[in-house]
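Q: okay, sequence plus prediction incoming.
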Amino acid sequence: MADLSSFDPNLAGNPNNNIFGLPFTEEESQLVLLPVPWEVTVSFGAGTSRAADQIFKASLQVDLYDPDVKDGWKAGFFMRPVDKKILLKSDYLRKEAELYIDYISKGDDVNQNKFMTKSLKEINEGSKFLNNWVYEQTSELLNNGKLVGLIGGDHSTPLGFMKAIAEKHGDFGVLQIDAHNDLRKAYEDFTYSHASIMYNALEEIPQLKSLVQVGIRDYCSEEFDYIGNSDQRVYSYFDQTIKERQYEGETWKSIVEEIVSRLPQKVYISFDIDGLDPKLCPNTGTPVAGGFEADQVNYLFKKVIESGRKLVGFDLVEVGVGENSMDANVGARMLFKLCNLMIKSNS
């Protein structure tokens, strides 16, 4: 464990240290954060591939006192460096994906265009490579006894991590905070699209026993039908329904208790930042009006842990990058809460 005798948690974050200005190495840290700089298949705004660096910078402004988990940071948090090779691969394939999306938006036949056919193959193969890379990185960390969190990148990034969680922990459930269901099959012909992450997880990970989605407010009939045919493996709390229940007198406390009751003992949190009100994440890839305040989501996460359920992993994805620093600022604070709750859950 790191020598903290000369570290003052009340001072400004030291940029020469790691995430949140903490003086831990990876070996000394109980929780390791893996940045995944990938946004190949995003269908609207880009920028999330560079979110981890921005979150790191903003994290130096986060005070280390958390009334819910006092001194949680002393367990050690460490963020690995961004892998520049993955970022370069994302940038290259993103350009191909932009051309492909533009091409199909005009209704042209992909099979009649050899360049587009080649591009689609490269993009799908690149996404498989990314999934395997994430799986290998997170498996290594889990097998070394580390708690792990993933920082995206777009929402396609955690599939390999979920597979590693399944191997390590067996049956588990996912609590997804999101404006979107992400249940489309091969959206825009991309097998591992950001809009297909939960479809792929459900189809490829049998240990994923239940998916509870909260805050959904932008979805298609294909996704709605998938939920209805899931035999209650998927349960979606739509934003409109949540708001109407509150307008008619129900409390957020009672709704949260119901949400938590649908989760199994082991829980993975998948947090797409666009589940929040877009005023808190204006540069996220696909902002949608509505959504949560940050404290509502933190309350839900807190109640999951207080229920005695075990948090086995989490991701924070779709944090945008823009001139307004709000995205990284909010992202860093939500990340700190997740890190602390992960420590508390596994203490």
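A: That came through fine. Predicted model only: the values in this text are computed from it and were never measured.
Q: dump the residue contacts of Asn298.
A: The contact partners of Asn298, taken as CB atoms under 8 Å, 6 or more residues apart in numbering, are 334, 337. (C-beta placed from N, C-alpha, C; glycine too.)
Q: if I look at it, how far off is Ile255?
A: 15 Å (CB to CB, to the nearest Å).
Q: using the three-state scheme, assign the closest residue to Gln232 other than its chain neighbours.
A: Nearest residue to Gln232, sequence neighbours excluded (CB to CB, 6 or more residues apart in numbering): Ser210, at 7.9 Å. When classified by DSSP: H, G, I helix; E, B strand; the rest coil, Ser210 comes out as strand.
Q: need the contact list for Ser210.
A: Neighbouring residues of Ser210 by CB under 8 Å, 6+ apart: 173-174, 232-235, 262-264.
Q: let me know the closest of those residues to Pro37.
A: Val174 (22.8 Å; CB to CB).
Q: check the secondary structure at that closest one for me.
A: Secondary structure, three-state DSSP: Val174 is strand.
Q: now for it: which residues touch it?
A: 162, 198, 201, 208, 210-212, 267-270.
Q: list the beta-bridge partners for it.
A: Leu211, Tyr268 (DSSP bridges).
Q: can you give me the distance of it to Arg233?
A: In this view, Val174 and Arg233 are 11 Å apart by CB to CB.
Q: intersection of neighbour lists for these two?
A: Joint contacts of Val174 and Arg233 (CB under 8 Å, 6+ apart) are 210-211.
Q: just the buried residues of the contacts of Ser210.
A: The neighbour-count test (16 or more other CB atoms under 10 Å) applied to the contacts of Ser210 identifies 173-174, 234-235, 263 as buried.
Q: among those residues, which one lies nearest to Lys57?
A: Nearest to Lys57 among the buried ones among the contacts of Ser210, with distances taken as CB to CB, is Val174, at 29.2 Å.
Q: how near is Pro282 to Glu96?
A: 27 Å.
Q: please enumerate the helices of the stretch 151-300 of the chain.
A: 159-169, 197-204, 221-228, 239-247, 252-261, 294-306 (DSSP state H, counting those that start in this stretch).
Q: the fourth one - contacts with which helices or strands?
A: In other words, helix 239-247. Applying 3 or more CB pairs under 8 Å, 6 or more residues apart in numbering; DSSP states H and E, one finds that helix 239-247 contacts strand 208-216, helix 252-261.
Q: out of the ones you listed, deepest packed?
A: strand 208-216 (a mean of 23; mean count of other CB atoms under 10 Å).
Q: average pLDDT for that one?
A: Strand 208-216 carries an average pLDDT of 98.
Q: and the residue nearest to Leu263 when sequence neighbours are not counted, how close does it get to Arg217?
A: Spatial nearest neighbour of Leu263, chain neighbours left out: Gly173 (4.9 Å); criterion: CB to CB, 6+ apart. Relative to Arg217, Gly173 is positioned 22 Å away (CB to CB).
Q: equivalent analysis for Arg80, please.
A: 33 Å.
Q: of these two, which one has the most company?
A: Counted by other CB atoms under 10 Å, Arg80 and Arg217 do not tie: Arg217 has more neighbours, with 20 against 16.
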